[in-house]
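A.B. asks: Just the structure for this:
(2 chains)
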Number of protein chains: 2
Amino acid sequence: MERLSMYLHQDKGGLWLTESERDNLKLNYRIKEVVFEQQSRFQHVMILDCYDFGRMLVLDGAVQTTSMDGHIYNEMITHLPLTLHPDPRRVLIIGGGDCGAAREACKYRQVEQLDMVEIDELVVQACKAHLPQVSGNLSDPRVNFIYADGVEFVKQAKGKYDVIIVDSSDPVGPATQLFELDFYRNLHHALKEDGMMVCQSQSPIFQPEVMAQTLGRIDSLFPHTHMYWAVVPTYPGGMWSFTLGSKRPVDFDRCANFDKEATYANKDVLSGCFQLPQFVKALLDEEKSVHI
Amino acid sequence: MERLSMYLHQDKGGLWLTESERDNLKLNYRIKEVVFEQQSRFQHVMILDCYDFGRMLVLDGAVQTTSMDGHIYNEMITHLPLTLHPDPRRVLIIGGGDCGAAREACKYRQVEQLDMVEIDELVVQACKAHLPQVSGNLSDPRVNFIYADGVEFVKQAKGKYDVIIVDSSDPVGPATQLFELDFYRNLHHALKEDGMMVCQSQSPIFQPEVMAQTLGRIDSLFPHTHMYWAVVPTYPGGMWSFTLGSKRPVDFDRCANFDKEATYANKDVLSGCFQLPQFVKALLDEEKSVHI
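C.D. replies: Numbers count the residues shown, from 1 in each chain, chains lettered A, B, ... in the order given. Got it, this is the predicted structure:
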């Protein structure tokens, strides 16, 4: 139990996790139980059972996804490209160790092959075993789990995928590369000629520079680039942005075809999520005028 | 400085405010400076200067609005009814002590009279003096500040207003009455025959029952009831709901006329905010089947 003290502490009312990534805002979650805890080669992995949010995945002390709201992020990063692409047969997910994005992608019968490239096998194992609310009981034969570095993996893939989903963590440490122009260029090469990619592009409120820069970089490679957003209650700021890059014009009318069972997504939400608040539009216009 | 200890504490990195309304989730804000602090007849009032969020209004230790995101809530509670109503001349705001809703309403030239009924004069004074980012330098001659109990005030008003905005705090203590059927019935009477009301109806994530009940109650009085939502980063869950009740059918095409300067709102956001996530729709459908 030595490591527990690093991220958890006893206080009034029991056991608490304090998120301390940010200097000026700290969130404390009251914990019922430590369900799983292990150090992998890459990071410290915990599944905690938490009051109000249910079970959650915590990496190096930072909450990644919770049973209460994990579906929102996973639905929104998956259903947009898979609904907007006319024929998504071969799909690549980079990251996404909680298996939630793969679970949503498996709802599409057209998908024939789903390669999920996650660097940390322990995250996948922990989520499959202890976080079924997010991972589902993911055992679809179309899913190939590939435990490797996504940055290296895409260098080898040429013209192979219809859709690529980049479900990365924040741009600190190794994940920084998943926000670089070189990486996006490799994604572009890994996609077929009518391919489409999507990535999470951080919070418009707390990381406006990363968001604008991501859009700028993808826009410099793809002829059709669109930003959309969703509410993600357990991410700081509550609002999250996603950037979609497509080699072909995007037919937004396809949102009306959406027929999957989902908790956050529906036809209205899919078509409405491209309507950006004014301050986000302003940030992006500014970015365009100083194009990278 | 005795009272300080009630809500603030010294810790690593300086002075902190810990919000403790919730049992299982605590938010800690790092504070630069206590700008204003005083006990009114009704509550403990502070204006704090905070890292990341700027100045904020804190009542009885709970963050009400911040310079960083206060505009979102205030724009969304105001611009929807004032854009959707064809001729909003007489407007009543109940609550709204931070003056942000009144400030937005003053952007409409058609508004001839704006009665703002706030129970606590100290909140208005503190926000006008120390929270200009939210209150503006509100000195529009059309605004009548009335320091009174909103519940009692609306009992006396009959067929007087085009638009009523209920900018209440959470339904605990005295504000509970602002969520009661009797209060909504008095609002209905206080409105002209083509009048429209809007109220905040809490978080779909943390107070789904209050949200659904509010819609149910307003729907039992008004022939046309619509729910909409916005992101409010500093409210728990990040997602906030608003309920609009109208005596006449609502012409949503009017959203395309929106031409005010705003930070969050624009034409797309105003028309898009009625597109509800699937779980919110499901909650409301459930409410309708057990109509109160």
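A.B. asks: from here on, contacts and neighbour counts on C-alpha atoms
C.D. replies: Fine.
A.B. asks: Show me the helices in the stretch 1-150 of chain A, by range?
C.D. replies: Remark: helices assigned in the stretch 1-150 of chain A by DSSP state H, counting those that start in this stretch are A:4-7, A:70-84, A:100-105, A:121-130, A:132-135, A:150-156.
A.B. asks: So for the last one, mean pLDDT?
C.D. replies: It stands for helix A:150-156. Mean per-residue pLDDT for helix A:150-156: 96.
A.B. asks: how about the strands in chain A?
C.D. replies: For chain A, applying DSSP state E gives strands covering A:8-11, A:14-19, A:25-39, A:44-50, A:54-59, A:62-66, A:90-95, A:113-118, A:143-147, A:161-167, A:191-200, A:224-231, A:239-246.
A.B. asks: Got the domain ranges for chain A?
C.D. replies: Per automatic domain parsing, the structural domains of chain A span A:4-66, A:70-289.
A.B. asks: okay, the ones you listed, which one's buried deepest?
C.D. replies: For those, average neighbour numbers computed from mean count of other C-alpha atoms under 10 Å in any protein chain shown are highest in domain A:70-289, which has a mean of 20.
A.B. asks: Flag every residue of the stretch 1-150 of chain A that's near chain B.
C.D. replies: Residues of the stretch 1-150 of chain A lying close to chain B (C-alpha under 8 Å from any C-alpha of the partner chain) are A:23, A:24, A:25, A:26, A:27, A:28, A:29, A:30, A:51, A:52.
A.B. asks: Any chance of those in JSON lines with pLDDT as columns?
C.D. replies: Shown next, in JSON lines, are the residues of the stretch 1-150 of chain A next to chain B (pLDDT from 0 to 100):
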{"residue": "A:23", "pLDDT": "80"}
{"residue": "A:24", "pLDDT": "84"}
{"residue": "A:25", "pLDDT": "83"}
{"residue": "A:26", "pLDDT": "84"}
{"residue": "A:27", "pLDDT": "84"}
{"residue": "A:28", "pLDDT": "87"}
{"residue": "A:29", "pLDDT": "91"}
{"residue": "A:30", "pLDDT": "92"}
{"residue": "A:51", "pLDDT": "92"}
{"residue": "A:52", "pLDDT": "88"}
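A.B. asks: and the helices of the stretch 1-150 of chain A, which one is worst for confidence?
C.D. replies: Minimum mean pLDDT among the helices of the stretch 1-150 of chain A: helix A:4-7, a mean of 69.
A.B. asks: Need phi/psi at residue A:277.
C.D. replies: Main-chain torsions, residue A:277, degrees, to the nearest 10: phi -60, psi 150.
A.B. asks: ok now stretch A:256-273, how far from the chain's centre?
C.D. replies: 18 Å (C-alpha atoms, centre = their mean, to the nearest Å).
A.B. asks: Go through the domains of chain A and find the least confident stretch.
C.D. replies: Mean pLDDT is lowest for domain A:4-66 among the domains of chain A, at a mean of 89.
A.B. asks: Give me the distance from that domain to the chain's centre.
C.D. replies: 19 Å.
A.B. asks: Test my guess that residue A:254 contacts residue A:84.
C.D. replies: Yes: the pair residue A:254 / residue A:84 is scored as a contact, 5.7 Å apart, by C-alpha atoms under 8 Å.
A.B. asks: can you list the residues of the stretch 1-150 of chain A next to chain B in TSV and add distance to residue A:266?
C.D. replies: Shown next, in TSV, are the residues of the stretch 1-150 of chain A next to chain B (distance: C-alpha to C-alpha, whole Å):
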residue	distance to residue A:266
A:23	36
A:24	36
A:25	33
A:26	33
A:27	30
A:28	32
A:29	30
A:30	32
A:51	28
A:52	25
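A.B. asks: ok, the residues you listed vs residue A:66, which is closest?
C.D. replies: Using C-alpha to C-alpha, residue A:52 is the member of the residues of the stretch 1-150 of chain A next to chain B that lies nearest residue A:66, at 9.9 Å.
A.B. asks: show me the contacts for the closest one.
C.D. replies: A:68, B:24 (C-alpha atoms under 8 Å, 6 or more residues apart in numbering or on different chains).
A.B. asks: And it, how close does it get to residue B:132?
C.D. replies: 35 Å (C-alpha to C-alpha, to the nearest Å).
A.B. asks: before we move on, what about residue A:41?
C.D. replies: Distance of residue A:41 to residue B:132, given as C-alpha to C-alpha: 50 Å.
A.B. asks: again, but for residue A:31
C.D. replies: Distance, residue A:31 to residue B:132, using C-alpha to C-alpha: 39 Å.
A.B. asks: Repeat that for residue A:204.
C.D. replies: Distance, residue A:204 to residue B:132, using C-alpha to C-alpha: 23 Å.
A.B. asks: Isn't residue A:260 up against residue A:106?
C.D. replies: No: taking C-alpha under 8 Å as the definition, residue A:260 is not a contact partner of residue A:106, at 10.6 Å.
A.B. asks: shared neighbours, these two?
C.D. replies: By C-alpha under 8 Å, 6+ apart, no residue touches both residue A:260 and residue A:106.
A.B. asks: is it true that residue A:99 touches residue A:132?
C.D. replies: No: using C-alpha under 8 Å, residue A:99 is not in contact with residue A:132, being 9.4 Å away.
A.B. asks: Taking the stretch 51-200 of chain A, what residue is nearest to chain B?
C.D. replies: residue A:51 (5.8 Å; C-alpha to the nearest C-alpha).
A.B. asks: what's that residue in contact with, if anything?
C.D. replies: A:29, A:30, A:31, A:32, B:24.
A.B. asks: How about residue A:244?
C.D. replies: A:81, A:196, A:197, A:198, A:199, A:225, A:226, A:227, A:228.
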